[in-house]
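Participant: I'll drop the sequence and a predicted model, then ask my questions.
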Number of protein chains: 2
Amino acid sequence: MVDQVDRILEQWSTEKPDLDVSPMAVIGRLSRTALAIETRLAATFTRYGLDASSFDVLATLLRSGAPYRIAPAALARDAMISTSAVAQRLNKLQTRGLVSREANPDDGRGTLVALTDAGKRLIDTALAPHVETERAITAILTIEEQSILVGLLQRINAAATRD
Amino acid sequence: MVDQVDRILEQWSTEKPDLDVSPMAVIGRLSRTALAIETRLAATFTRYGLDASSFDVLATLLRSGAPYRIAPAALARDAMISTSAVAQRLNKLQTRGLVSREANPDDGRGTLVALTDAGKRLIDTALAPHVETERAITAILTIEEQSILVGLLQRINAAATRD
DNA sequence: GATCGATTGCTAAGCACTTAGCTATTATAG
DNA sequence: CTATAATAGCTAAGTGCTTAGCAATCGATC
């Protein structure tokens, strides 16, 4: 099966025959696959009036368990984005009535973000279809293959993160 | 090795014990690994006064071979972005004198983007260090493991793209 | 207990993408 | 040949991220 990355590698081998560009075979596919997945998942989010960012916030609140209340800083760590980006996501969700902000009783600087009833209903509805979309993608691999893939990704991730 | 994705899966199994969220183990790691790689690669681009987008354009021109001239539409297909985004990338690179735009002699609507001498020198300089950064990441896996990973990614990519 | 550095969460400004919409040119159908 | 549809490339406007910078509060040290 010849894909776009194969064509790119072929061009490099013609233009820079002395350069070993084999790392691109791995990293190129990884980036493109992540993008393809993102695009595919977006369709499900749209069906429920959401996008990946909003879904992410609501799902993080849901899986934190009752009373579905967490600090913005925790949302930022979890989503690997800045606290500023979190504030902007929350502004949007709060305007739609899906989350609310309360003062943190234990920390005068802090805020607690809470799922509203409408937010809880929406994420409860959207969660299973989202996971089904993910399953439609991963089901191409056996459980064993998925487990191999996860192991390889963990090692690549560790190598990319260190230093 | 327990990572952030493991903690997320554990939360889900507590909060939604009836929902099989195992697809998240694969897709969550894939997204996070792609992001970690992107972050790591950015440092090398910065060393040469570039970012991923600019590097991408210059590298695409370089690997197309002499005379290093291609249409904006081809750049868009290759980078999987809109032609509008290409136009904006080109505006920036043209301002810096790294690419030039010429009329396409074979198509009155079209433009050809060309590497300037300065652009060619820059990408010739930055290419090998970039590939070395990629190799520093992928070298954690043996060649056989890399080849297994590529095969699994190709299948996931195909599954995410179809329908 | 006062001070000073760290932390929390926010807005403002900048940046790179998207879609929408435009002009100009080319290809197709009759 | 002409009318119409398709294509190429662009700018404008909107979106969501980033970094910078702010005010308020907390914690550690003396």
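Facilitator: Okay, I see it.

Participant: which stretches of chain A form helices?
Facilitator: A:4-15, A:23-47, A:52-63, A:72-79, A:83-95, A:117-138, A:143-161 (DSSP state H).

Participant: Are the first one and chain B in contact anywhere?
Facilitator: If I follow you right, that is helix A:4-15. Yes. Helix A:4-15 is in contact with chain B by CB under 8 Å from any CB of the partner chain, via A:4, A:8, A:11-12, A:14-15. Heads up, the C-betas are built off the backbone N, CA and C, glycines and all.

Participant: what does that helix rub up against?
Facilitator: By CB atoms under 8 Å, 6 or more residues apart in numbering or on different chains, the list of residues contacting helix A:4-15 from outside reads A:19, A:21-22, A:24-25, A:28-29, A:32, B:62-65, B:78.

Participant: That helix versus helix B:117-138: what angle between them?
Facilitator: 120 degrees (axes from the mean of the first three to the mean of the last three CA atoms, to 10 degrees).

Participant: Could I have the CA atoms of helix A:4-15 written out in CSV?
Facilitator: Provided in CSV are the C-alpha atoms of helix A:4-15 (Å, rounded to 0.1, in the frame of the first residue of the first chain):
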residue,chain,number,x,y,z
GLN,A,4,1.4,10.0,0.6
VAL,A,5,4.3,9.5,3.1
ASP,A,6,5.8,6.9,0.8
ARG,A,7,5.8,9.4,-2.0
ILE,A,8,7.4,12.0,0.2
LEU,A,9,10.2,9.5,1.2
GLU,A,10,10.7,8.7,-2.4
GLN,A,11,11.2,12.3,-3.3
TRP,A,12,13.7,12.8,-0.5
SER,A,13,15.7,9.7,-1.6
THR,A,14,16.0,11.2,-5.1
GLU,A,15,16.8,14.8,-4.0
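
Participant: In that helix, which residues are buried?
Facilitator: Buried positions in helix A:4-15, judged by neighbour count with 16 or more other CB atoms under 10 Å in any protein chain shown: A:5, A:8-9, A:11-12, A:15.

Participant: And the shortest one, by the same measure?
Facilitator: Taking 16+ other CB under 10 Å as the basis for neighbour counts, the residues of helix A:72-79 that come out buried are A:72, A:75-76, A:78-79.

Participant: ok, and which of these reach chain B?
Facilitator: Among these, proximity to chain B is found for A:Asp78 (CB under 8 Å from any CB).

Participant: Alongside DNA strand D, which residues does chain A contribute?
Facilitator: Within reach of DNA strand D by CB under 7 Å from any atom of the strand, chain A has these residues: A:51, A:53, A:81-82, A:84-85, A:88-89, A:92, A:107-109.

Participant: Between all of those residues, which two are separated the most?
Facilitator: Among these, the pair separated by the greatest distance (CB to CB) is A:Asp51 and A:Gly108, at 32.9 Å.

Participant: The two: who's more crowded?
Facilitator: Neighbour comparison, A:Asp51 and A:Gly108: the larger count goes to A:Asp51, with 14 against 7 (by other CB atoms under 10 Å in any protein chain shown).

Participant: From B:Lys16, how far off is that one?
Facilitator: For A:Asp51, the distance to B:Lys16 (CB to CB, to the nearest Å) stands at 22 Å.

Participant: Same check on A:Ser13?
Facilitator: 48 Å.

Participant: now swap in A:Val2 and tell me
Facilitator: Taking CB to CB, one finds A:Val2 at 41 Å from B:Lys16.

Participant: More neighbours: which of the two?
Facilitator: Applying other CB under 10 Å to A:Val2 and B:Lys16 shows that B:Lys16 carries more neighbours, namely 16 against 7.

Participant: residues contacting that one?
Facilitator: Contacts of B:Lys16 by CB under 8 Å, 6+ apart are A:63, A:127.

Participant: What pLDDT does the model give it?
Facilitator: Predicted confidence (pLDDT) for B:Lys16: 96.

Participant: Next one: it relative to A:Asp124, how far apart?
Facilitator: Relative to A:Asp124, B:Lys16 is positioned 9 Å away (CB to CB).

Participant: which intervals of chain A have sub-threshold pLDDT?
Facilitator: For chain A, the stretches flagged by pLDDT under 70 are A:163.

Participant: who in it is up against DNA strand C?
Facilitator: So chain A meets DNA strand C at A:71-73, A:83-84, A:86-88, A:90-91, A:101, A:104, A:107, A:109-111 (CB under 7 Å from any atom of the strand).

Participant: what's the closest of those to A:Ala136?
Facilitator: A:Val86 (29.8 Å).

Participant: hang on, the closest one packs against A:Ala71?
Facilitator: No. In this structure A:Val86 lies outside contact range of A:Ala71 using CB atoms under 8 Å: 9.7 Å.
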